[in-house]
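Participant: Sequence plus predicted model, see below.
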Amino acid sequence: MSIYDAAFVNSELSKPTSIFGLRLWVVIGIFVGSTIVLLLFLLSLCITSRRSHNNTNNGKLSHSSNNHHSNNAVAADVTPPISKEIQEIIPAAHHNHHHHRPINAAPEIQIDIGKSEHRVVFSDKAPSSGESLRSNNVNHYNYGSDNNNSGNQHNTTSYGGPEVSHLGWGRWYTLRELELATNCLADENVIGEGGYGIVYHGILQDNTQIAVKNLLNNRGQAEKEFKVEVEAIGRVRHKNLVRLLGYCVEGAYRMLVYDYVDNGNLDQWLHGDVGDVSPLTWEIRMNIILGTAKGLAYLHEGLEPKVVHRDIKSSNILIDRQWNSKVSDFGLAKLLGSEMSYVTTRVMGTFGYVAPEYACTGMLTEKSDVYSFGILIMEIISGRTPVDYSRPPGEVNLVDWLKTMVGNRRSEEVVDPKLPEMPTSKALKRILLVALKCVDPDSHKRPKMGHVIHMLEADDLLFRDDRRVARESSTPIHDHPQEKPVITVKADVKHLPESSTDRSEGETSKDQHPQPNRRR
Ligand SMILES: Nc1ncnc2c1ncn2[C@@H]1O[C@H](COP(=O)(O)OP(=O)(O)OP(=O)(O)O)[C@@H](O)[C@H]1O
(Lines give C-alpha, C1' and ligand atoms only; values in the text may rest on other atoms or scores of the structure.)
Protein backbone atom coordinates (compact mmCIF):
# COMPACT_ATOMS: atom_id res chain seq x y z
CA MET A 1 0.00 0.00 0.00
CA SER A 2 1.38 3.45 -0.95
CA ILE A 3 1.54 6.41 1.38
CA TYR A 4 -1.31 7.98 -0.60
CA ASP A 5 -3.55 4.99 -0.06
CA ALA A 6 -2.88 5.08 3.67
CA ALA A 7 -3.78 8.75 3.81
CA PHE A 8 -6.94 7.96 1.89
CA VAL A 9 -8.00 5.11 4.28
CA ASN A 10 -7.20 7.33 7.24
CA SER A 11 -9.32 10.18 5.95
CA GLU A 12 -12.18 7.75 5.12
CA LEU A 13 -12.10 6.17 8.63
CA SER A 14 -12.04 9.61 10.22
CA LYS A 15 -15.22 10.72 8.49
CA PRO A 16 -18.20 11.12 10.85
CA THR A 17 -21.05 8.62 10.38
CA SER A 18 -24.80 8.89 10.88
CA ILE A 19 -24.53 6.91 14.20
CA PHE A 20 -24.40 9.68 16.78
CA GLY A 21 -21.92 11.46 14.50
CA LEU A 22 -19.24 8.95 15.59
CA ARG A 23 -16.29 8.43 13.33
CA LEU A 24 -16.23 5.26 11.23
CA TRP A 25 -13.24 3.66 13.04
CA VAL A 26 -14.99 4.13 16.38
CA VAL A 27 -18.10 2.37 15.08
CA ILE A 28 -16.00 -0.53 13.71
CA GLY A 29 -14.14 -0.75 17.02
CA ILE A 30 -17.37 -0.91 19.01
CA PHE A 31 -18.75 -3.63 16.68
CA VAL A 32 -15.65 -5.81 16.89
CA GLY A 33 -15.41 -5.34 20.65
CA SER A 34 -19.03 -6.28 21.31
CA THR A 35 -18.72 -9.33 19.04
CA ILE A 36 -15.73 -10.52 21.06
CA VAL A 37 -17.61 -9.94 24.33
CA LEU A 38 -20.60 -11.88 22.96
CA LEU A 39 -18.40 -14.78 21.88
CA LEU A 40 -16.71 -14.89 25.27
CA PHE A 41 -20.09 -14.90 26.98
CA LEU A 42 -21.37 -17.77 24.85
CA LEU A 43 -18.18 -19.71 25.45
CA SER A 44 -18.45 -19.31 29.21
CA LEU A 45 -22.10 -20.37 29.09
CA CYS A 46 -21.11 -23.47 27.20
CA ILE A 47 -18.33 -24.37 29.67
CA THR A 48 -20.64 -23.82 32.64
CA SER A 49 -23.32 -26.10 31.24
CA ARG A 50 -20.78 -28.82 30.43
CA ARG A 51 -19.43 -28.66 33.95
CA SER A 52 -22.81 -29.02 35.49
CA HIS A 53 -23.54 -31.96 33.16
CA ASN A 54 -20.31 -33.61 34.15
CA ASN A 55 -21.14 -33.07 37.78
CA THR A 56 -24.43 -34.83 37.28
CA ASN A 57 -22.70 -37.76 35.65
CA ASN A 58 -20.09 -37.90 38.33
CA GLY A 59 -22.83 -38.02 40.87
CA LYS A 60 -24.31 -41.03 39.08
CA LEU A 61 -20.97 -42.63 38.81
CA SER A 62 -20.20 -42.38 42.46
CA HIS A 63 -23.66 -43.70 43.18
CA SER A 64 -23.07 -46.60 40.88
CA SER A 65 -19.62 -47.34 42.07
CA ASN A 66 -20.97 -47.17 45.55
CA ASN A 67 -23.40 -49.84 44.62
CA HIS A 68 -21.15 -51.91 42.47
CA HIS A 69 -17.71 -51.22 43.76
CA SER A 70 -16.46 -50.91 40.28
CA ASN A 71 -13.80 -48.52 39.19
CA ASN A 72 -14.82 -48.87 35.62
CA ALA A 73 -16.83 -45.80 34.70
CA VAL A 74 -18.47 -47.38 31.70
CA ALA A 75 -19.47 -50.53 33.46
CA ALA A 76 -20.61 -48.65 36.52
CA ASP A 77 -22.63 -46.14 34.57
CA VAL A 78 -24.62 -48.73 32.68
CA THR A 79 -27.53 -49.79 34.79
CA PRO A 80 -28.54 -53.13 33.39
CA PRO A 81 -32.21 -53.80 32.99
CA ILE A 82 -33.56 -56.23 35.54
CA SER A 83 -35.72 -59.07 34.43
CA LYS A 84 -39.41 -58.89 35.20
CA GLU A 85 -39.58 -61.21 38.13
CA ILE A 86 -36.54 -59.79 39.85
CA GLN A 87 -36.86 -56.46 41.50
CA GLU A 88 -34.14 -54.64 43.27
CA ILE A 89 -35.43 -53.23 46.48
CA ILE A 90 -33.30 -50.78 48.36
CA PRO A 91 -34.90 -50.34 51.75
CA ALA A 92 -36.17 -46.85 52.54
CA ALA A 93 -33.75 -46.38 55.39
CA HIS A 94 -30.90 -46.89 53.02
CA HIS A 95 -32.42 -44.53 50.55
CA ASN A 96 -32.62 -41.77 53.11
CA HIS A 97 -29.05 -42.11 54.17
CA HIS A 98 -27.75 -42.99 50.82
CA HIS A 99 -25.85 -39.79 50.17
CA HIS A 100 -24.35 -39.71 53.62
CA ARG A 101 -23.03 -43.20 53.44
CA PRO A 102 -19.28 -43.48 53.03
CA ILE A 103 -18.19 -44.71 49.64
CA ASN A 104 -17.30 -48.19 50.90
CA ALA A 105 -20.44 -48.81 52.92
CA ALA A 106 -22.48 -51.64 51.43
CA PRO A 107 -26.15 -51.15 50.90
CA GLU A 108 -28.42 -53.99 51.82
CA ILE A 109 -30.09 -55.17 48.70
CA GLN A 110 -32.98 -57.52 48.58
CA ILE A 111 -33.89 -59.32 45.47
CA ASP A 112 -37.31 -60.83 45.35
CA ILE A 113 -37.67 -63.81 43.14
CA GLY A 114 -41.17 -65.06 42.79
CA LYS A 115 -42.61 -65.89 46.16
CA SER A 116 -41.58 -64.30 49.38
CA GLU A 117 -39.87 -67.42 50.68
CA HIS A 118 -37.35 -67.09 47.87
CA ARG A 119 -36.33 -63.64 48.92
CA VAL A 120 -32.66 -63.10 48.48
CA VAL A 121 -30.95 -60.77 50.86
CA PHE A 122 -27.44 -59.53 50.44
CA SER A 123 -25.90 -57.76 53.33
CA ASP A 124 -22.24 -58.32 52.91
CA LYS A 125 -19.28 -56.39 54.12
CA ALA A 126 -17.76 -53.73 51.95
CA PRO A 127 -14.17 -54.05 50.84
CA SER A 128 -11.71 -51.93 52.71
CA SER A 129 -11.27 -48.45 51.30
CA GLY A 130 -9.16 -48.23 48.22
CA GLU A 131 -9.54 -51.93 47.59
CA SER A 132 -10.34 -52.62 44.00
CA LEU A 133 -12.47 -55.53 43.07
CA ARG A 134 -11.60 -55.18 39.46
CA SER A 135 -8.30 -56.94 39.43
CA ASN A 136 -7.30 -58.88 36.38
CA ASN A 137 -7.31 -62.08 38.32
CA VAL A 138 -10.69 -63.62 38.26
CA ASN A 139 -11.54 -64.48 41.79
CA HIS A 140 -14.49 -65.63 43.74
CA TYR A 141 -15.60 -62.16 44.68
CA ASN A 142 -14.91 -60.35 41.47
CA TYR A 143 -17.84 -60.16 39.16
CA GLY A 144 -17.68 -56.48 38.33
CA SER A 145 -16.39 -57.03 34.84
CA ASP A 146 -19.48 -58.83 33.71
CA ASN A 147 -21.09 -56.37 31.50
CA ASN A 148 -24.35 -58.10 30.97
CA ASN A 149 -27.83 -57.08 31.76
CA SER A 150 -27.83 -58.59 35.15
CA GLY A 151 -24.89 -56.79 36.54
CA ASN A 152 -27.02 -55.28 39.22
CA GLN A 153 -27.67 -58.63 40.70
CA HIS A 154 -24.33 -60.26 40.68
CA ASN A 155 -22.38 -57.11 41.36
CA THR A 156 -24.17 -57.00 44.64
CA THR A 157 -22.29 -60.15 45.47
CA SER A 158 -18.96 -58.47 44.94
CA TYR A 159 -18.95 -56.76 48.27
CA GLY A 160 -16.20 -58.86 49.58
CA GLY A 161 -18.05 -61.41 51.67
CA PRO A 162 -18.10 -64.93 50.31
CA GLU A 163 -20.99 -65.82 48.09
CA VAL A 164 -22.69 -67.64 50.84
CA SER A 165 -26.24 -68.77 50.95
CA HIS A 166 -28.64 -66.00 50.26
CA LEU A 167 -31.53 -68.39 50.07
CA GLY A 168 -33.21 -70.12 52.92
CA TRP A 169 -32.32 -73.47 51.48
CA GLY A 170 -29.42 -73.09 49.15
CA ARG A 171 -27.13 -70.76 47.31
CA TRP A 172 -27.62 -68.22 44.68
CA TYR A 173 -24.86 -68.59 42.13
CA THR A 174 -23.55 -65.98 39.76
CA LEU A 175 -23.21 -66.71 36.10
CA ARG A 176 -19.52 -65.92 36.41
CA GLU A 177 -19.07 -68.52 39.10
CA LEU A 178 -20.85 -71.19 37.09
CA GLU A 179 -18.89 -70.27 33.97
CA LEU A 180 -15.70 -70.71 35.94
CA ALA A 181 -16.91 -74.04 37.28
CA THR A 182 -17.91 -75.41 33.88
CA ASN A 183 -15.11 -73.95 31.80
CA CYS A 184 -17.56 -71.48 30.27
CA LEU A 185 -20.19 -74.16 29.69
CA ALA A 186 -17.72 -76.03 27.50
CA ASP A 187 -18.84 -78.92 25.32
CA GLU A 188 -16.40 -81.23 27.10
CA ASN A 189 -18.33 -80.60 30.30
CA VAL A 190 -21.70 -81.66 28.91
CA ILE A 191 -22.96 -84.74 30.75
CA GLY A 192 -26.45 -84.92 29.36
CA GLU A 193 -29.20 -83.19 27.59
CA GLY A 194 -32.82 -83.39 28.59
CA GLY A 195 -36.02 -81.91 27.31
CA TYR A 196 -35.46 -78.63 29.04
CA GLY A 197 -31.79 -77.99 28.89
CA ILE A 198 -28.23 -79.14 28.81
CA VAL A 199 -26.52 -80.52 31.90
CA TYR A 200 -22.86 -79.69 32.56
CA HIS A 201 -20.41 -81.07 35.03
CA GLY A 202 -18.66 -78.37 37.03
CA ILE A 203 -16.21 -77.91 39.86
CA LEU A 204 -16.63 -74.94 42.15
CA GLN A 205 -13.66 -73.09 43.58
CA ASP A 206 -14.03 -75.00 46.83
CA ASN A 207 -13.73 -78.21 44.77
CA THR A 208 -17.38 -79.13 45.15
CA GLN A 209 -18.54 -81.12 42.15
CA ILE A 210 -21.78 -79.88 40.70
CA ALA A 211 -24.16 -80.55 37.85
CA VAL A 212 -25.42 -77.38 36.20
CA LYS A 213 -28.65 -77.60 34.26
CA ASN A 214 -28.79 -74.72 31.84
CA LEU A 215 -32.44 -74.36 31.01
CA LEU A 216 -33.21 -73.43 27.46
CA ASN A 217 -35.15 -70.25 27.80
CA ASN A 218 -36.33 -70.23 24.26
CA ARG A 219 -38.53 -73.24 24.90
CA GLY A 220 -41.66 -71.62 26.24
CA GLN A 221 -41.75 -73.93 29.22
CA ALA A 222 -38.29 -73.32 30.53
CA GLU A 223 -38.85 -70.38 32.83
CA LYS A 224 -42.01 -71.91 34.18
CA GLU A 225 -40.24 -75.20 34.76
CA PHE A 226 -37.49 -73.34 36.48
CA LYS A 227 -39.82 -71.81 39.01
CA VAL A 228 -41.69 -75.05 39.53
CA GLU A 229 -38.48 -76.90 40.12
CA VAL A 230 -37.06 -74.31 42.44
CA GLU A 231 -40.24 -74.20 44.47
CA ALA A 232 -40.68 -77.94 44.53
CA ILE A 233 -37.26 -79.10 45.53
CA GLY A 234 -35.41 -76.12 46.89
CA ARG A 235 -35.95 -77.20 50.45
CA VAL A 236 -36.30 -80.91 49.93
CA ARG A 237 -33.55 -83.04 51.41
CA HIS A 238 -33.48 -86.76 51.14
CA LYS A 239 -30.68 -89.18 50.45
CA ASN A 240 -32.59 -90.65 47.50
CA LEU A 241 -33.35 -87.33 45.86
CA VAL A 242 -30.75 -85.39 43.93
CA ARG A 243 -30.13 -82.29 45.95
CA LEU A 244 -30.64 -78.89 44.44
CA LEU A 245 -27.83 -76.72 45.75
CA GLY A 246 -29.05 -73.46 44.31
CA TYR A 247 -29.67 -71.62 41.13
CA CYS A 248 -28.58 -68.80 38.92
CA VAL A 249 -30.84 -66.21 37.36
CA GLU A 250 -28.96 -63.72 35.24
CA GLY A 251 -30.37 -62.01 32.22
CA ALA A 252 -31.76 -64.72 30.02
CA TYR A 253 -29.94 -67.46 31.95
CA ARG A 254 -31.84 -69.85 34.18
CA MET A 255 -29.64 -72.48 35.72
CA LEU A 256 -30.14 -75.07 38.39
CA VAL A 257 -27.17 -76.28 40.37
CA TYR A 258 -27.30 -79.81 41.72
CA ASP A 259 -25.10 -82.10 43.69
CA TYR A 260 -23.09 -84.06 41.16
CA VAL A 261 -24.01 -87.73 41.22
CA ASP A 262 -20.92 -89.51 40.04
CA ASN A 263 -21.92 -92.87 38.57
CA GLY A 264 -24.18 -92.15 35.61
CA ASN A 265 -27.88 -92.82 35.31
CA LEU A 266 -29.84 -96.05 35.45
CA ASP A 267 -30.72 -95.91 31.77
CA GLN A 268 -27.02 -96.06 30.91
CA TRP A 269 -26.42 -98.98 33.26
CA LEU A 270 -29.41 -100.95 32.01
CA HIS A 271 -29.27 -100.23 28.30
CA GLY A 272 -25.75 -98.97 27.70
CA ASP A 273 -22.79 -100.96 26.55
CA VAL A 274 -21.81 -102.77 29.73
CA GLY A 275 -20.68 -106.01 28.17
CA ASP A 276 -22.32 -109.44 28.45
CA VAL A 277 -22.54 -109.39 32.20
CA SER A 278 -24.09 -106.39 33.86
CA PRO A 279 -22.41 -104.99 36.95
CA LEU A 280 -25.93 -104.52 38.32
CA THR A 281 -26.42 -107.58 40.49
CA TRP A 282 -29.85 -108.51 41.81
CA GLU A 283 -28.96 -106.98 45.16
CA ILE A 284 -27.92 -103.74 43.52
CA ARG A 285 -31.09 -103.66 41.47
CA MET A 286 -33.22 -104.19 44.55
CA ASN A 287 -31.29 -101.46 46.35
CA ILE A 288 -31.95 -99.10 43.45
CA ILE A 289 -35.66 -99.96 43.48
CA LEU A 290 -35.93 -99.51 47.23
CA GLY A 291 -34.04 -96.21 47.19
CA THR A 292 -36.21 -94.87 44.40
CA ALA A 293 -39.32 -95.96 46.31
CA LYS A 294 -38.08 -94.10 49.38
CA GLY A 295 -37.37 -90.94 47.42
CA LEU A 296 -40.83 -91.06 45.87
CA ALA A 297 -42.55 -91.89 49.14
CA TYR A 298 -40.93 -88.83 50.61
CA LEU A 299 -42.22 -86.64 47.78
CA HIS A 300 -45.72 -88.10 48.06
CA GLU A 301 -46.13 -88.64 51.75
CA GLY A 302 -43.45 -86.67 53.53
CA LEU A 303 -44.13 -83.25 52.09
CA GLU A 304 -46.98 -80.85 52.44
CA PRO A 305 -48.03 -80.05 49.80
CA LYS A 306 -47.05 -83.32 48.25
CA VAL A 307 -45.02 -83.42 45.10
CA VAL A 308 -45.80 -85.55 42.08
CA HIS A 309 -42.67 -86.09 40.04
CA ARG A 310 -44.46 -86.81 36.75
CA ASP A 311 -41.40 -88.09 34.91
CA ILE A 312 -40.13 -91.19 36.68
CA LYS A 313 -37.95 -93.09 34.22
CA SER A 314 -34.54 -94.72 34.21
CA SER A 315 -32.63 -91.70 32.88
CA ASN A 316 -33.95 -89.71 35.83
CA ILE A 317 -32.58 -92.19 38.34
CA LEU A 318 -28.98 -91.25 39.03
CA ILE A 319 -26.56 -93.66 40.61
CA ASP A 320 -23.72 -92.99 43.00
CA ARG A 321 -20.56 -95.02 43.58
CA GLN A 322 -22.26 -97.12 46.22
CA TRP A 323 -25.05 -97.93 43.76
CA ASN A 324 -27.57 -95.82 45.64
CA SER A 325 -30.30 -94.35 43.51
CA LYS A 326 -31.15 -90.69 43.52
CA VAL A 327 -34.25 -89.40 41.81
CA SER A 328 -33.51 -86.37 39.68
CA ASP A 329 -35.18 -84.01 37.25
CA PHE A 330 -38.01 -82.40 39.03
CA GLY A 331 -38.60 -80.15 36.07
CA LEU A 332 -42.01 -81.67 35.62
CA ALA A 333 -42.86 -81.76 39.25
CA LYS A 334 -46.19 -80.37 40.18
CA LEU A 335 -47.00 -79.27 43.63
CA LEU A 336 -50.24 -80.70 44.77
CA GLY A 337 -52.37 -79.85 47.71
CA SER A 338 -52.87 -82.71 50.11
CA GLU A 339 -55.48 -85.27 49.01
CA MET A 340 -55.95 -83.39 45.81
CA SER A 341 -55.74 -84.50 42.26
CA TYR A 342 -54.77 -82.19 39.53
CA VAL A 343 -56.27 -82.02 36.10
CA THR A 344 -53.96 -80.73 33.48
CA THR A 345 -54.54 -80.12 29.81
CA ARG A 346 -50.92 -80.81 28.99
CA VAL A 347 -49.79 -84.31 29.69
CA MET A 348 -46.10 -84.39 30.32
CA GLY A 349 -43.89 -87.31 30.94
CA THR A 350 -42.11 -89.88 28.88
CA PHE A 351 -43.66 -92.29 26.42
CA GLY A 352 -43.95 -95.76 27.90
CA TYR A 353 -43.97 -94.59 31.51
CA VAL A 354 -47.10 -92.43 31.58
CA ALA A 355 -50.10 -93.80 33.49
CA PRO A 356 -53.10 -94.50 31.25
CA GLU A 357 -55.52 -92.27 33.18
CA TYR A 358 -53.04 -89.41 33.08
CA ALA A 359 -52.40 -89.88 29.38
CA CYS A 360 -56.12 -90.12 28.58
CA THR A 361 -57.72 -87.62 30.89
CA GLY A 362 -54.89 -85.52 32.25
CA MET A 363 -55.92 -86.56 35.75
CA LEU A 364 -52.73 -86.38 37.77
CA THR A 365 -52.26 -87.85 41.21
CA GLU A 366 -49.29 -89.40 42.92
CA LYS A 367 -50.65 -92.71 41.62
CA SER A 368 -49.38 -91.64 38.19
CA ASP A 369 -45.87 -91.78 39.66
CA VAL A 370 -46.66 -95.18 41.16
CA TYR A 371 -47.52 -96.44 37.68
CA SER A 372 -44.24 -95.11 36.23
CA PHE A 373 -42.43 -96.68 39.17
CA GLY A 374 -44.02 -100.05 38.32
CA ILE A 375 -42.74 -99.71 34.76
CA LEU A 376 -39.32 -98.83 36.14
CA ILE A 377 -39.27 -102.01 38.25
CA MET A 378 -40.10 -104.07 35.15
CA GLU A 379 -37.32 -102.31 33.26
CA ILE A 380 -34.83 -102.98 36.05
CA ILE A 381 -35.73 -106.66 36.28
CA SER A 382 -35.89 -107.36 32.57
CA GLY A 383 -33.25 -104.98 31.22
CA ARG A 384 -35.79 -104.02 28.55
CA THR A 385 -37.04 -100.53 27.69
CA PRO A 386 -40.77 -99.87 28.26
CA VAL A 387 -41.41 -99.78 24.54
CA ASP A 388 -39.07 -101.55 22.14
CA TYR A 389 -40.04 -101.68 18.47
CA SER A 390 -37.11 -103.93 17.64
CA ARG A 391 -38.84 -106.78 19.49
CA PRO A 392 -41.41 -109.21 18.03
CA PRO A 393 -44.99 -107.84 18.11
CA GLY A 394 -46.01 -109.51 21.38
CA GLU A 395 -42.95 -108.11 23.15
CA VAL A 396 -42.94 -104.46 22.05
CA ASN A 397 -44.85 -103.28 25.08
CA LEU A 398 -43.03 -104.27 28.26
CA VAL A 399 -46.11 -104.33 30.55
CA ASP A 400 -48.18 -106.46 28.18
CA TRP A 401 -45.35 -108.88 27.56
CA LEU A 402 -44.51 -109.19 31.23
CA LYS A 403 -48.14 -109.76 32.23
CA THR A 404 -48.42 -112.48 29.62
CA MET A 405 -45.21 -114.14 30.77
CA VAL A 406 -46.21 -114.09 34.44
CA GLY A 407 -49.69 -115.35 33.50
CA ASN A 408 -48.07 -118.21 31.61
CA ARG A 409 -45.88 -119.08 34.60
CA ARG A 410 -42.79 -118.04 32.70
CA SER A 411 -41.61 -115.41 35.19
CA GLU A 412 -38.02 -116.63 35.19
CA GLU A 413 -37.74 -115.80 31.50
CA VAL A 414 -38.37 -112.11 32.02
CA VAL A 415 -35.15 -111.64 33.97
CA ASP A 416 -32.40 -109.62 32.30
CA PRO A 417 -30.07 -112.14 30.61
CA LYS A 418 -27.16 -109.88 31.61
CA LEU A 419 -27.88 -110.37 35.30
CA PRO A 420 -24.79 -112.07 36.77
CA GLU A 421 -26.76 -114.38 39.05
CA MET A 422 -30.44 -115.21 39.08
CA PRO A 423 -32.57 -114.28 42.12
CA THR A 424 -34.52 -116.85 44.07
CA SER A 425 -37.83 -117.53 42.42
CA LYS A 426 -39.67 -116.22 45.47
CA ALA A 427 -37.73 -112.97 45.39
CA LEU A 428 -38.50 -112.64 41.71
CA LYS A 429 -42.20 -113.36 42.11
CA ARG A 430 -42.47 -110.90 44.94
CA ILE A 431 -40.91 -108.03 43.06
CA LEU A 432 -42.99 -108.86 39.99
CA LEU A 433 -46.09 -108.76 42.15
CA VAL A 434 -45.13 -105.31 43.41
CA ALA A 435 -44.51 -104.14 39.84
CA LEU A 436 -47.85 -105.51 38.62
CA LYS A 437 -49.72 -103.89 41.51
CA CYS A 438 -48.10 -100.56 40.67
CA VAL A 439 -49.27 -100.70 37.06
CA ASP A 440 -52.85 -101.62 37.89
CA PRO A 441 -55.04 -99.90 35.28
CA ASP A 442 -57.26 -98.71 38.12
CA SER A 443 -55.22 -96.02 39.82
CA HIS A 444 -57.11 -96.47 43.10
CA LYS A 445 -55.94 -100.06 43.34
CA ARG A 446 -52.29 -99.12 43.01
CA PRO A 447 -50.42 -99.09 46.30
CA LYS A 448 -49.07 -95.92 47.84
CA MET A 449 -45.31 -95.62 47.80
CA GLY A 450 -45.20 -96.13 51.56
CA HIS A 451 -46.94 -99.46 51.06
CA VAL A 452 -44.52 -100.32 48.28
CA ILE A 453 -41.67 -99.84 50.74
CA HIS A 454 -43.44 -102.18 53.17
CA MET A 455 -43.67 -104.82 50.49
CA LEU A 456 -40.08 -104.36 49.36
CA GLU A 457 -38.67 -104.50 52.85
CA ALA A 458 -40.85 -107.44 53.70
CA ASP A 459 -39.32 -109.03 50.68
CA ASP A 460 -35.97 -108.37 52.22
CA LEU A 461 -36.97 -110.09 55.45
CA LEU A 462 -38.13 -113.03 53.39
CA PHE A 463 -34.75 -113.23 51.76
CA ARG A 464 -33.17 -113.64 55.13
CA ASP A 465 -35.75 -116.26 56.03
CA ASP A 466 -35.11 -117.85 52.68
CA ARG A 467 -31.41 -118.18 53.36
CA ARG A 468 -32.03 -119.49 56.83
CA VAL A 469 -34.48 -121.99 55.40
CA ALA A 470 -31.98 -123.02 52.79
CA ARG A 471 -29.37 -123.53 55.51
CA GLU A 472 -31.55 -125.28 58.01
CA SER A 473 -33.92 -126.92 55.50
CA SER A 474 -36.60 -126.70 58.09
CA THR A 475 -39.38 -124.19 58.77
CA PRO A 476 -41.61 -123.24 55.81
CA ILE A 477 -41.65 -119.68 54.53
CA HIS A 478 -44.54 -117.59 55.72
CA ASP A 479 -46.44 -115.73 53.11
CA HIS A 480 -47.12 -112.90 55.55
CA PRO A 481 -43.85 -111.83 57.00
CA GLN A 482 -43.69 -109.35 59.77
CA GLU A 483 -43.99 -105.93 58.23
CA LYS A 484 -41.74 -103.15 59.33
CA PRO A 485 -43.53 -100.02 60.39
CA VAL A 486 -42.81 -97.13 58.10
CA ILE A 487 -42.94 -93.71 59.61
CA THR A 488 -43.93 -91.06 57.18
CA VAL A 489 -43.39 -87.45 57.99
CA LYS A 490 -46.13 -84.93 57.41
CA ALA A 491 -44.56 -81.61 58.03
CA ASP A 492 -43.46 -78.49 56.36
CA VAL A 493 -40.28 -79.38 54.51
CA LYS A 494 -38.36 -76.43 55.71
CA HIS A 495 -38.46 -77.77 59.24
CA LEU A 496 -37.08 -81.11 58.23
CA PRO A 497 -33.35 -81.48 58.52
CA GLU A 498 -31.79 -84.05 56.25
CA SER A 499 -31.07 -86.52 58.98
CA SER A 500 -34.62 -86.48 60.24
CA THR A 501 -36.03 -87.15 56.79
CA ASP A 502 -33.68 -90.03 56.34
CA ARG A 503 -34.45 -91.42 59.74
CA SER A 504 -38.12 -91.00 59.08
CA GLU A 505 -38.01 -93.81 56.66
CA GLY A 506 -36.35 -96.29 58.87
CA GLU A 507 -33.10 -96.39 56.91
CA THR A 508 -30.60 -98.97 57.90
CA SER A 509 -26.99 -99.02 56.92
CA LYS A 510 -27.75 -102.17 54.98
CA ASP A 511 -29.59 -100.04 52.45
CA GLN A 512 -26.39 -98.33 51.50
CA HIS A 513 -24.20 -101.35 51.17
CA PRO A 514 -25.35 -103.95 48.70
CA GLN A 515 -24.72 -107.45 49.92
CA PRO A 516 -22.79 -110.02 47.94
CA ASN A 517 -24.67 -112.03 45.34
CA ARG A 518 -26.75 -114.97 46.29
CA ARG A 519 -27.03 -118.12 44.29
CA ARG A 520 -30.36 -119.26 42.99
N1 LIG B 1 -27.04 -84.06 39.37
C2 LIG B 1 -26.53 -84.75 38.35
N3 LIG B 1 -25.39 -85.41 38.49
C4 LIG B 1 -24.86 -86.13 37.48
N5 LIG B 1 -25.43 -86.23 36.27
C6 LIG B 1 -26.59 -85.60 36.07
C7 LIG B 1 -27.20 -84.82 37.09
N8 LIG B 1 -28.36 -84.32 36.60
C9 LIG B 1 -28.47 -84.76 35.34
N10 LIG B 1 -27.41 -85.52 35.00
C11 LIG B 1 -27.18 -86.18 33.72
O12 LIG B 1 -27.71 -85.42 32.69
C13 LIG B 1 -28.69 -86.18 31.97
C14 LIG B 1 -29.77 -85.27 31.47
O15 LIG B 1 -30.53 -84.87 32.56
P16 LIG B 1 -31.95 -84.21 32.41
O17 LIG B 1 -32.61 -84.35 33.70
O18 LIG B 1 -31.80 -82.86 31.89
O19 LIG B 1 -32.62 -85.00 31.23
P20 LIG B 1 -33.31 -86.39 31.08
O21 LIG B 1 -33.83 -86.83 32.37
O22 LIG B 1 -32.36 -87.33 30.41
O23 LIG B 1 -34.47 -86.03 30.07
P24 LIG B 1 -35.78 -85.16 30.30
O25 LIG B 1 -35.38 -83.81 30.79
O26 LIG B 1 -36.39 -85.11 28.95
O27 LIG B 1 -36.60 -85.90 31.29
C28 LIG B 1 -29.16 -87.23 32.96
O29 LIG B 1 -29.70 -88.34 32.33
C30 LIG B 1 -27.89 -87.53 33.71
O31 LIG B 1 -27.13 -88.48 33.03
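Facilitator: Received it, and whenever you're ready, just let me know what you need. Residues are numbered from 1 along each chain as shown.
Participant: And the helix or strand containing residue 211, what does it pack against?
Facilitator: Using DSSP states H and E, residue 211 sits within strand 209-215. Where contact means 3 or more C-beta pairs under 8 Å, 6 or more residues apart in numbering; DSSP states H and E, strand 209-215 is packed against helix 175-181, strand 197-203, helix 222-233, strand 253-259. Heads up, the C-betas are built off the backbone N, CA and C, glycines and all.
Participant: which residues are contacting it?
Facilitator: 178, 181-182, 185, 191, 194, 196-204, 222-223, 225-226, 242, 245, 253-262 (C-beta atoms under 8 Å, 6 or more residues apart in numbering).
Participant: count of neighbours near residue 454?
Facilitator: For residue 454, the neighbour count with other C-beta atoms under 10 Å is 18.
Participant: That one and the ligand: what is the separation?
Facilitator: 28 Å (C-beta to the nearest ligand atom, to the nearest Å).
Participant: Secondary structure class of that residue, three-state.
Facilitator: Assigned by DSSP: H, G, I helix; E, B strand; the rest coil, the conformation of residue 454 is helix.
Participant: In the sheet, which strands lie alongside the helix or strand harbouring residue 191, parallel or antiparallel?
Facilitator: Using DSSP H and E, residue 191 falls within strand 190-194. Here strand 190-194 is paired, per DSSP bridges, with strand 197-203 (antiparallel).
Participant: Strand 209-215 and the strand holding residue 191, what's the angle between them?
Facilitator: Going by axes from the mean of the first three to the mean of the last three C-alpha atoms, to 10 degrees, strand 190-194 is angled at 40 degrees with respect to strand 209-215.
Participant: So for strand 190-194, what gets flagged as buried?
Facilitator: 191, 192, 194 (16 or more other C-beta atoms under 10 Å).
Participant: Next, format those as TSV and append distance to residue 409 and pLDDT.
Facilitator: Putting the buried residues of strand 190-194 into TSV (distance: C-beta to C-beta, whole Å; pLDDT from 0 to 100) gives the following:
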residue	distance to residue 409	pLDDT
191	43	93
192	40	90
194	40	78
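Participant: lowest-confidence stretch among the helices and strands packed on strand 209-215?
Facilitator: Mean pLDDT per stretch puts helix 222-233 lowest among the helices and strands packed on strand 209-215, at a mean of 62.
Participant: where are the low-confidence patches of this protein?
Facilitator: The model of the chain has pLDDT under 70 over residues 1-6, 46, 48-168, 217-229, 231-233, 330-349, 459-520.
Participant: coming back round to it: kindly write the PyMOL command that selects the buried subset of the contacts of strand 209-215.
Facilitator: Of these, the buried ones go into a single PyMOL selection, burial set by 16+ other C-beta under 10 Å:
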select buried, resi 178+181+182+185+191+194+196+197+198+199+200+201+202+204+222+223+225+226+242+245+253+254+255+256+257+258+259+260+261
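Participant: Keep the contacts of strand 209-215, but drop any that are not near the ligand.
Facilitator: 191, 194, 196, 197, 199, 242, 258, 259, 260, 261 (C-beta under 6 Å from any ligand atom).
Participant: in which helix or strand would I find residue 7?
Facilitator: helix 3-13.
Participant: swap in residue 278?
Facilitator: Per DSSP H and E, there is no helix or strand for residue 278.
Participant: any idea how far residue 209 is from it?
Facilitator: Note on residue 278: its distance to residue 209, by C-beta to C-beta, to the nearest Å, is 26 Å.
Participant: Which of these two has more residues huddled nearby?
Facilitator: Using other C-beta under 10 Å as the criterion, residue 278 and residue 209 rank with residue 278 on top: 18 against 13.
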